[in-house]
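Asker: Here is the input, now give the coordinates:
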Amino acid sequence: MILNRELKYNGYLKIEELKVATPSGKEIKRELLLKQNAVAALVRNTVTGKYIFARQWRPGPEADIIEIPAGVLDKPGERPEDAITREVEEEVGYKVDLLQFIAEGYVSPGGSTEMISIYYAGVSQKINKGGGVENEDEEIEIVELTREEMLSTTFKDFKSIIAVQWAKYNREI
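Answerer: Got it, this is the predicted structure:
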């Protein structure tokens with residue numbers, strides 16, 4: 001049970017220090033990363049059969065990684081389905097034809113509030129160049145992979161790993 005919370009850092013990331021009572025009654029301190037909920041999608045062009053990924057630099061690994069398009073629910077009252085449709089359009093430039101829910105879960109429940117909803121998005125029509133939103137400082141390279149290339153790629157983020165494993169066992173996708 002949380003007894004007290006204090007905001008310790010308020011920048012791009014926000015961190016709270018919590019005073020928590022454990023089930024045995026002991027009082028401990030924990031830090032909590034406050035993050036908006038997120039969405040992500042395994043995107044497949046249903047015309048070409050290729051899967052569409054985003055390659056971008058990430059501060060955690062301090063390197064470019066290939067991952068499924070993703071983003072946060074950053075508009076008041078925004079539904080996850082609407083957010084991932086927007087993110088697919090912004091990041092890879094496609095209109096979403098079909099959206100199928102895959103899974104939802106906490107990214108790191110021991111230290112973060114972020115929950116991510118993962119989808120499969122079938123697309124067929126390119127509506128813009130993609131690459132991200134300039135005012136969000138996104139510099140995304142679009143990467144298209146065949147099913148075989150996708151299944152042989154080593155992904156470094158769990159949202160992509162989960163989505164690709166889902167596709168592996170859903171052969172019609």
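Asker: show me where this structure has strands.
Answerer: Using DSSP state E, the strands of the chain run over 2-10, 14-21, 27-34, 38-45, 51-58, 63-67, 70-72, 94-106, 115-126, 141-145.
Asker: Tell me which of those strands is the most buried.
Answerer: Neighbour counts averaged per stretch over those are highest for strand 38-45, at a mean of 25; criterion: mean count of other Cβ atoms under 10 Å. For glycine as for every other residue, the C-beta is placed from the backbone atoms N, C-alpha and C.
Asker: Now residue 108: phi and psi?
Answerer: Phi and psi for residue 108, reported as degrees, to the nearest 10, are phi -150, psi 80.
Asker: Please name the residues that touch residue 103.
Answerer: Shown in contact with residue 103 (Cβ atoms under 8 Å, 6 or more residues apart in numbering): 117, 118, 162, 166.
Asker: can you do 7 Å?
Answerer: 118, 162 (Cβ atoms under 7 Å, 6 or more residues apart in numbering).
Asker: how far out from the middle of the chain is stretch 19-29?
Answerer: 32 Å (Cα atoms, centre = their mean, to the nearest Å).
Asker: I should have written stretch 66-74 there, sorry.
Answerer: Using Cα atoms, centre = their mean, the offset of stretch 66-74 from its chain centre is 4 Å.
Asker: Residue 51 is in contact with residue 150, isn't it?
Answerer: Yes - taking contacts as Cβ atoms under 7 Å, residue 51 lies within contact range of residue 150: 4.8 Å.
Asker: re earlier: can you check which of the strands of the chain gets nearest to residue 82?
Answerer: Of all the strands of the chain, it is strand 38-45 that lies closest to residue 82, at 9.1 Å by Cβ to Cβ.
Asker: Could you list the domains of this structure?
Answerer: Domain assignment of the chain by automatic domain parsing yields the ranges 2-33, 36-169.
Asker: got CSV for the ones you listed, with mean pLDDT too?
Answerer: Output for these, formatted as CSV (pLDDT from 0 to 100):
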stretch, mean pLDDT
domain 2-33, 95
domain 36-169, 93
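Asker: one step back: of the strands of the chain, which is nearest residue 86?
Answerer: strand 70-72 (7.4 Å).
Asker: for that closest one, packing partners?
Answerer: Helices and strands touching strand 70-72, by 3 or more Cβ pairs under 7 Å, 6 or more residues apart in numbering; DSSP states H and E, are strand 38-45, helix 80-92.
Asker: Any chance you could list what contacts it?
Answerer: 36, 37, 38, 39, 40, 83, 87, 159.
Asker: again with stretch 2-12
Answerer: With Cβ under 7 Å, 6+ apart, stretch 2-12 has contacts from 14, 15, 16, 17, 18, 19, 20, 21, 27.
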